[in-house]
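*Asks:* fold the stuff below for me.
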Amino acid sequence: MSNATGERNLDIIQEVLEVFPEKTRKERRKHMMVTDPEQESVGKCIISNRKSQPGVMTVRGCSYAGSKGVVFGPIKDMAHISHGPIGCGQYSRAGRRNYYTGVSGVDSFGTLNFTSDFQERDIVFGGDKKLTKLIEEMEMLFPLTKGISIQSECPVGLIGDDIEAVANASRKVLNKPVIPVRCEGFRGVSQSLGHHIANDVIRDWVLDNREGKPFESTPYDVAIIGDYNIGGDAWASRILLEEMGLRVVAQWSGDGTLVEMENTPFVKLNLVHCYRSMNYISRHMEEKHGIPWMEYNFFGPTKIAESLRKIADQFDDTIRANAETVIARYQAQNDAIIAKYRPRLEGRKVLLYMGGLRPRHVIGAYEDLGMEIIAAGYEFAHNDDYDRTLPELKEGTLLFDDASSYELEAFVKALKPDLIGSGIKEKYIFQKMGVPFRQMHSWDYSGPYHGYDGFAIFASDMDMTLNNPAWGQLTAPWLKSA
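*Replies:* A predicted model of the protein is given here:
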């Protein structure tokens, strides 16, 4: 990219925003920028983690989604109650493809919808008694749960139910953790606050439960933090860590268990995949328990090798040597994948718009295949996420925050990417437009994409999507004559 590209993208920003009233136009302009290689921080060039503009359709989620859907939901041996109307629980159940081992309903419960099914009478008279009864029935029907979380929905916060009192009373009766989470959807500006709330609840109600209890540690104990095992991602990552001689004590929280989380204060290093959703608890463990943490990236062979070496540098020469052995072991496999798919994907342009991590993490995997990122955006990132993104993007790249449906469509029409990587809410409009699209929140029913084995699937999926002849046969329904 060049200065000319940057100037063109600045013009595109102005053109896209022209349709808005002046006040909205000025506000939305603060959420868009063009990258400059001399910048070390976005500073005030882009504003993030702010309320979406009223009347502008956003694709963000809510605090409940961040807590129940992201952090707590994948913990497989706990039952997670969606406390409120039934819809929130149903739409957050099993939609992210958090793979797990176990028998659903016996020792694993993440795919089940436990809900208090609030009705009008519960709004009027309160839901505490109903919640207590629900917990009693759950214990009778599913006695092997290791704990229960209460995920509050909007009405519970509005009427002021005391879920903490119910949790404390139930914990004494059941003799197992019952954890109240004040993650009502109206809190904050996006699902990001739900991540933070869930982190704080784990800090206060879970993390110190095994303090003082025996634990057989090794010098090589690590925890995987912020990998939700979408399509088996955490398993693919764990393979590499164990091959280099590390012991994975806990997975937060894909295919994870309550006791794994309780044992995390005993590890030597926390490996953070999703910084946005789990940096809070990682910082807490560093401050209280002295456990260092580092962000890693297992998308694509270039970033995998870079991360393996950085992780190994936290340990001794044995682990460093093992890391080099692991990298060398997969080199032929990676070379074969790139030789097969790069000629078919070289030079293709990609627009990314995802949550709070992947717009920067997946860049290296695309570049390993010769593809070019021409625009990237986040739904709910904070400014430090954009700072981490700058070094990954070329000069003049369009960078944007909390794009509305209109803005995203306008960017696509102006930039004409060959491929879009975004979420389920955006998927179908662009497919109807005939633009190749990958649903990059849950890998479009594929995966894993992490690790060396995941890169093979990633490359195949991108080739299958981009080089499918069907796209050229599509005409958007609204462009067809009557």
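*Asks:* if I look at residue 163, how far off is residue 179?
*Replies:* 10 Å (CB to CB, to the nearest Å). For glycine as for every other residue, the C-beta is placed from the backbone atoms N, C-alpha and C.
*Asks:* common neighbours of the two, please.
*Replies:* Contact criterion CB atoms under 8 Å, 6 or more residues apart in numbering; residues shared by residue 163 and residue 179: residue 150.
*Asks:* what pLDDT is listed against the nearest residue to residue 218 once chain neighbours are set aside?
*Replies:* Sequence neighbours aside, residue 247 is the residue nearest to residue 218 in space, at 5.5 Å (criterion: CB to CB, 6 or more residues apart in numbering). Reading off the confidence values, residue 247 has pLDDT 98.
*Asks:* surely residue 247 is in contact with residue 224?
*Replies:* No: counting by CB atoms under 8 Å, residue 247 sits too far from residue 224 to count as a contact (11.5 Å).
*Asks:* more neighbours, the two?
*Replies:* residue 224 (29 against 14; other CB atoms under 10 Å).
*Asks:* the closest residue to residue 404 other than its chain neighbours in helix, strand or coil?
*Replies:* Nearest non-adjacent residue to residue 404, counting by CB to CB, 6+ apart: residue 56, 4.5 Å away. Secondary structure, DSSP: H, G, I helix; E, B strand; the rest coil: residue 56 is coil.
*Asks:* could you do residue 223 as well?
*Replies:* strand.
*Asks:* return the residues in contact with it.
*Replies:* Per CB under 8 Å, 6+ apart, neighbours of residue 223: 248-252, 260, 264, 267, 269-271.
*Asks:* how about the helices in the stretch 101-250 of the chain?
*Replies:* 120-125, 128-141, 154-159, 163-174, 191-205, 233-243 (DSSP state H, counting those that start in this stretch).
*Asks:* okay, the ones you listed in CSV with distance to residue 42, mean neighbour count and mean pLDDT next?
*Replies:* Below are those laid out as CSV (distance: least, CB to CB, whole Å; neighbours: other CB atoms under 10 Å; pLDDT from 0 to 100):
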stretch, distance to residue 42, mean neighbour count, mean pLDDT
helix 120-125, 43, 12, 95
helix 128-141, 43, 16, 97
helix 154-159, 32, 18, 96
helix 163-174, 38, 16, 98
helix 191-205, 17, 22, 98
helix 233-243, 28, 22, 98
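*Asks:* list just the one of those that sits closest to residue 344.
*Replies:* helix 233-243 (23.4 Å; CB to CB).
*Asks:* residues making contact with that closest one?
*Replies:* Under the contact criterion CB under 8 Å, 6+ apart, helix 233-243 has outside partners 99, 222, 224, 227-229, 248, 251, 254-255, 271, 273, 298, 304, 308, 311, 322, 326, 329, 447-454.
*Asks:* buried among the residues you listed? Make that a ChimeraX selection.
*Replies:* The following ChimeraX line selects those of the contacts of helix 233-243 that are buried, judged by 16 or more other CB atoms under 10 Å:
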select :99,222,224,227,228,229,248,251,254,255,271,273,298,304,308,311,322,326,447,448,449,450,451,452,453,454
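*Asks:* please narrow the contacts of helix 233-243 to those residing in strands.
*Replies:* 222, 224, 227, 248, 251, 271 (DSSP state E).
*Asks:* which among the residues you listed gets closest to residue 137?
*Replies:* residue 251 (29.7 Å).
*Asks:* if I look at the closest one, what pLDDT would I see?
*Replies:* Confidence for residue 251, expressed as pLDDT, is 97.
*Asks:* what's the answer for residue 453, then?
*Replies:* 97.
*Asks:* kindly report the same for the one 10 residues further on.
*Replies:* With respect to pLDDT, residue 463 has a value of 98.
*Asks:* next: residue 1.
*Replies:* For residue 1, the predicted pLDDT is 56.
*Asks:* what does residue 482 give?
*Replies:* Residue 482 is given a pLDDT of 64.
*Asks:* is it true that the residue nearest to residue 404 touches residue 24?
*Replies:* Yes: using CB under 8 Å, residue 56 is in contact with residue 24, at 7.1 Å.
*Asks:* so how far is residue 290 from residue 69?
*Replies:* 32 Å.
*Asks:* can you name the residues bridging to residue 147?
*Replies:* Beta bridges link residue 147 to residue 78 when assigned by DSSP bridges.
*Asks:* could you find the closest non-adjacent residue to residue 82?
*Replies:* In space, residue 82 is closest to residue 89, 2.9 Å off (CB to CB, 6+ apart).
*Asks:* residue contacts, that neighbour?
*Replies:* For residue 89, the contacting residues are 68, 82, 113-115, by CB under 8 Å, 6+ apart.
*Asks:* and for residue 348?
*Replies:* By CB under 8 Å, 6+ apart, the neighbours of residue 348 are 370-372, 418-419, 466.
*Asks:* helices - which of those residues land there?
*Replies:* In helices, judged by DSSP state H, the following of the contacts of residue 348 are found: residue 466.
*Asks:* buried ones among the contacts of residue 348?
*Replies:* If we count by 16+ other CB under 10 Å, these have these buried: 371-372, 418-419, 466.
*Asks:* nearest residue to residue 298 in space, please, no chain neighbours.
*Replies:* residue 450 (4.4 Å).
*Asks:* actually residue 135, not the one I wrote
*Replies:* Residue 135 sits nearest to residue 170 (CB to CB, 6+ apart), 4.8 Å away.
*Asks:* in this structure that neighbour contacts residue 149, no?
*Replies:* No: Residue 170 is beyond contact range of residue 149, at 11.6 Å (criterion: CB under 8 Å).
*Asks:* shared neighbours, these two?
*Replies:* residue 178.
*Asks:* so where's the stretch 201-350 of the chain shaky on pLDDT?
*Replies:* The stretch 201-350 of the chain contains no residues with pLDDT under 70.
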